[in-house]
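A.B. asks: fold the following.
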Amino acid sequence: GVPEVKGEIKLKFEDVSGKQIVITRHFQAANKKKGGATPTYNQLEANIQDKTSGRTATHKCSEVDSLIPLQMGVSPAVLEHVIFCH
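C.D. replies: Next up is the predicted model:
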């Protein structure tokens, strides 16, 4: 079989309207040993859960990347270069 690792990263925050939000990203990495090939790495999907209402929605990771700044009320540049680099 192919050695494989699955994981998830969770981000919990309060959005601009005061709702508690949990975003969970699901990842998968596989080490395919075919002629010294490099490992593959996939972002499978992301779930956004509104803890206030209990609703959950599944999105592509690229869609979530554009939703997070809107929900947090900050620009993507601030998230990339200030918040997540510290």
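
A.B. asks: C-alpha from now on. contacts and neighbour counts both.
C.D. replies: Fine.

A.B. asks: and the worst-scoring helix or strand of the chain on mean pLDDT, what's buried?
C.D. replies: Here the helix or strand of the chain ranked lowest by mean pLDDT, DSSP states H and E is strand 40-50, holding a mean of 77. If you call a residue buried by 16 or more other CA atoms under 10 Å, then strand 40-50 has these buried ones: 43, 45-50.

A.B. asks: from residue 17, how far off is the most centrally placed residue in the chain?
C.D. replies: Nearest residue to the geometric centre of the chain (CA atoms, centre = their mean): residue 25, 3.4 Å. The gap separating residue 25 from residue 17 is 23 Å, by CA to CA, to the nearest Å.

A.B. asks: pretty sure residue 30 contacts residue 4?
C.D. replies: Yes. Counting by CA atoms under 8 Å, residue 30 touches residue 4, with 4.4 Å between them.

A.B. asks: for this protein, which segments count as strands?
C.D. replies: In the chain, the strands defined using DSSP state E lie at 4-14, 20-30, 40-50, 56-59.

A.B. asks: quick one, the first one and strand 20-30 angle?
C.D. replies: Direction vectors for strand 4-14 and strand 20-30, defined by axes from the mean of the first three to the mean of the last three CA atoms, to 10 degrees, enclose an angle of 160 degrees.

A.B. asks: could you give the angle of the longest helix seen in the chain to strand 4-14?
C.D. replies: Ranked by number of residues, the top helix in the chain under DSSP state H is helix 61-72. Here helix 61-72 points in a direction 20 degrees away from that of strand 4-14 (the same axes, to 10 degrees).

A.B. asks: remind me which residues of the chain are low pLDDT?
C.D. replies: Across the chain, the ranges flagged by pLDDT under 70 are 1-2, 32-41, 83-86.
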